[in-house]
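> Predicted coordinates and the sequence they were generated for:
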Amino acid sequence: MSNSEPITEKPLDFIRQIVTEDLKTGKHPTPVTRFPPEPNGFLHIGHAKSICLNFGIASEFNGRCYLRFDDTNPSKEETAYVQAIKEDVKWLGFDWGDNLFYSSDYFDQLYDFALDLIRRKKAFVCDLSADEMREYRGTLTEPGKESPHRNRTVEENLELFQGMKNGDFSEGSHVLRAKIDMASPNLNMRDPIIYRIMNLHHHRTGDKWCIYPMYDYTHCLSDAIEEITHSLCTLEFEDHRPLYDWVLDTLETPVHPQQIEFARLNLTYTVMSKRKLMQLVQDGHVSDWDDPRMLTVSGLRRRGYTPASIRDFCKEIGIGKKESWIDMGVLENCVRNDLNITAPRVMGVLDPLKVVITNYPEGTVEDIEAKNHPQNPEMGSRTLPFSREIYIERTDFMENAPKKFFRLDIGREVRLRYAYFITCVSVVKDEDSGEVIELHCTYDPETYGGNAPDGRKVKGTIHWLSAEQAERCEIRMYDRLFKVENPDADKDVNFKEHLNPDSLTSLNNCLVEPSLADAKPGTCVQFERQGYFCIDSRDSKPGALVFNRTVGLRDSWAKRKK
RNA sequence: UGGGGCGUAGCCAAGCGGUUAAGGCACCGGGUUUUGAUCCCGGUAUUCGGAGGUUCGAGUCCUCCCGCCCCAGCCA
């Protein structure tokens, strides 16, 4: 096959194009990237996009990707978050090897660089208050004014900065500022603050410091110290790039990494910012950061999403500079695709309706063989008990059903998956409410295994569970957290006004097959004809199983009914 | 009214001056099916925010216009 077309691969995004070019021209022998979260909260699906990008590039181009905690603000950071973030990155399938770093690792070097900046007359200690600073900064359209302290001598600055470091001054009384240009149209260049006084305990450096460097100053230097080649961040940092470059151009550093910005992820029917996710937790709208409705990595994990499905999603949505809104359906599609291949099939009844098979012998239990995955024989089979009394899904019966309803009605015949054909003969109703409480059916013994020797066909195949042996359980059904695509769209309406009151429905009378009784938390299965479910890792216990519905199967019947 | 970005289908997204504008999701048909699932086949932009211009040739280059996003933390 000499003329065969190459297999079409996903085209390279603009960042990978830059990396490819830099490797080709020999600018770098190999790429070095980093994922730099601040340990002040849990990772969400937006972080996953960045993780897949940074670690993805490293592995695709034979480079390295470091995990760096950007911990320059002790007021918000905690060790617990560090641990959770490490777990999440690992769970997503990425490995930083020995390359675990903290911005706080560089506090000494950063301080020395600051001294250097002062000596080069490129930084000064400023005594302006926060309010004064704001006034002096100017506005978007008007230039700022220079600080009265801008022209202090090197010696004076050195002395004051050391005083800041030594704890001689109170919080807010002094800051160290870069001396750039108060008239710059880019506000970030108007003598930005690079060190502030904070009398706070740091989760790693303890009480060693009472001054802490700001992001803009720290990030570029950390990148340079680690000899990062491509420093990838989100679009809102575009305006910070001139400052990033200014610091590295002004100081002598081993390398000058290239900052490249890409669009952050927006998903419909959810919110993404840590601040808002935090509010949902604090106000009790969700149980915790790992509530299965949360788009946090831990929430997705608990919900039953697989690492592969999240990686696939990140690959699918691509990397660009356009602010985009990805439909939730794309994420859901990615789990379905993965779970369709990997999840064993089992029977689960969400809303049980009893069926008595009147011509089936009492006291008999027979074994029915069921495939664990019809498309993959290697996954083997299991045995299901079958008996006179079974449960089926309530929605699989309808009185006076329309012709297109392929399930049960009086006089209609369906197949019980892997078992027998049954025909509904009569209905038992509650005398007061009129509610259907039981079905009486007959079965055809000739149809064992699900085929009729006479060749007759049935339109519908339904799932079922033997009444005696079925395992009772709780199933939690989830819907999108918000009722509208973009809960943040309207500035006058708080996003919480758009919460979906029905985002969680707990079903307490569900049944699953006995084979699941000993399954481990986190186990993902497909309940045939229903969807994908996983055993909850927090609340499920032997004898009191709790399942989370990860996502439903596509349902063209439900769609038709609308 | 300053600066920095971005506009290709309902949602993403390829396209890098030269055949009929990739692909995915969604949607609509049809086939297979012991899951109304999966799978398979087919359909869906005479047109790239708009208007001019350059060119034999423009989604790609130029000009102007329009729309959207980000920036005035001692947060990251």
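Thanks, I have the structure now.

> how about the closest residue to RNA strand B within chain A, what does it touch?
Closest contact between chain A and RNA strand B, by C-beta to the nearest atom of the strand, is at A:Gly450 (2.1 Å). For every residue, glycine as well, the C-beta is placed using N, CA and C. Counting by C-beta atoms under 8 Å, 6 or more residues apart in numbering, A:Gly450 makes contact with A:415-421, A:461.

> measure it to A:Thr72 for me?
Separation of A:Gly450 from A:Thr72 (C-beta to C-beta, to the nearest Å): 64 Å.

> now A:Leu12
Taking C-beta to C-beta as the measure, A:Leu12 falls 33 Å from A:Thr72.

> Which residue of these two possesses the greater neighbour count?
Taking other C-beta atoms under 10 Å, A:Leu12 and A:Thr72 do not tie; A:Thr72 has more neighbours (26 against 13).

> Tell me the spacing between that one and A:Lys10.
36 Å.

> now do A:Arg301
For A:Arg301 relative to A:Lys10 (C-beta to C-beta), the value is 26 Å.

> With neighbour numbers in mind, choose between these two.
It is A:Arg301, of A:Arg301 and A:Lys10, that has more neighbours when counted by other C-beta under 10 Å, with 21 against 9.

> close enough to count as contact, the more buried one and A:Trp91?
Yes. Applying C-beta atoms under 8 Å, one finds A:Arg301 in contact with A:Trp91, separated by 6.2 Å.

> Please state the offset of stretch A:284-297 from the chain centre?
10 Å (C-alpha atoms, centre = their mean, to the nearest Å).

> Check the separation of the first and last residues in it.
Using C-alpha to C-alpha, to the nearest Å, the span of stretch A:284-297 from its first residue to its last is 19 Å.

> What of stretch A:290-310?
Distance between the two ends of stretch A:290-310: 16 Å, counting by C-alpha to C-alpha.

> Torsion angles phi and psi at A:Val436?
Backbone torsions for A:Val436, taken as degrees, to the nearest 10, come to phi -70, psi 120.

> State the distance from A:Trp96 to A:Asn486.
Distance of A:Trp96 to A:Asn486, given as C-beta to C-beta: 34 Å.

> ok, these two, which is more surrounded?
Shown here are A:Trp96 and A:Asn486; by other C-beta under 10 Å, A:Trp96 has more neighbours (19 against 16).

> Which pLDDT value belongs to the more buried one?
We have a pLDDT of 98 for A:Trp96.

> In contact with it, which residues are there?
Applying C-beta under 8 Å, 6+ apart to A:Trp96 gives the contacts A:55, A:65-67, A:89.

> Skip the chain neighbours and tell me the closest residue to A:Leu100.
In this structure, A:Leu100 finds its nearest non-sequential neighbour in A:Leu67, 5.3 Å apart by C-beta to C-beta, 6 or more residues apart in numbering.

> pretty sure that neighbour is touching A:Phe35, no?
Yes. Contact criterion C-beta under 8 Å: A:Leu67 and A:Phe35 qualify, at 5.7 Å.

> before we move on, the earlier item: tell me, which of the contacts of A:Gly450 make contact with RNA strand B?
For RNA strand B, the contacts drawn from those by C-beta under 7 Å from any atom of the strand are A:415, A:417-418, A:461.

> count of residues packed around the closest residue to A:Trp289 other than its chain neighbours?
Counting by C-beta to C-beta, 6+ apart, A:Phe42 is the residue found nearest to A:Trp289 once chain neighbours are left out, at 4.5 Å. A count of neighbours around A:Phe42, defined by other C-beta under 10 Å, yields 24.

> is it fair to say A:Phe42 lies in a strand?
No. Counting by DSSP: H, G, I helix; E, B strand; the rest coil, A:Phe42 is located in no strand; its state is coil.

> Does it touch A:Leu295 like I think?
No. If you go by C-beta under 8 Å, A:Phe42 and A:Leu295 don't touch, sitting 10.4 Å apart.

> Can you confirm whether the lowest-mean-pLDDT helix or strand in chain A lies near RNA strand B?
Sorting the helices and strands of chain A by mean pLDDT, DSSP states H and E puts helix A:556-561 at the bottom, at a mean of 84. Yes. Helix A:556-561 is in contact with RNA strand B by C-beta under 7 Å from any atom of the strand, via A:556-557, A:559-560.

> What of stretch A:19-38?
Yes. Judged by C-beta under 7 Å from any atom of the strand, stretch A:19-38 and RNA strand B are in contact via A:36, A:38.

> Against A:Leu267, how distant is A:Asp288?
Distance check for A:Asp288 against A:Leu267: by C-beta to C-beta, it reads 20 Å.

> Who has more neighbours out of the two?
Neighbour tally, A:Asp288 and A:Leu267, criterion other C-beta under 10 Å: the higher count belongs to A:Leu267, 23 against 15.

> who touches that one in this structure?
Contacts here follow C-beta under 8 Å, 6+ apart; on that basis A:Leu267 touches A:45, A:295, A:325-328, A:331.

> List only buried entries from those.
Applying 16 or more other C-beta atoms under 10 Å to the contacts of A:Leu267, the neighbour count classes A:45, A:295, A:326, A:328, A:331 as buried.

> Near RNA strand B, list only the ones from those.
By C-beta under 7 Å from any atom of the strand, the members of the buried ones among the contacts of A:Leu267 lying near RNA strand B are A:Ile326.

> just checking, which of the buried ones among the contacts of A:Leu267 belong to strands?
Mapping these onto strands (DSSP state E) picks out A:Ile326.

> Closest to A:Val425 out of the buried ones among the contacts of A:Leu267?
A:Met328 (43.7 Å; C-beta to C-beta).

> so A:Thr253 sits right up against A:Ile225, yeah?
Yes. At 7.3 Å, A:Thr253 and A:Ile225 qualify as touching, with contact defined as C-beta under 8 Å.
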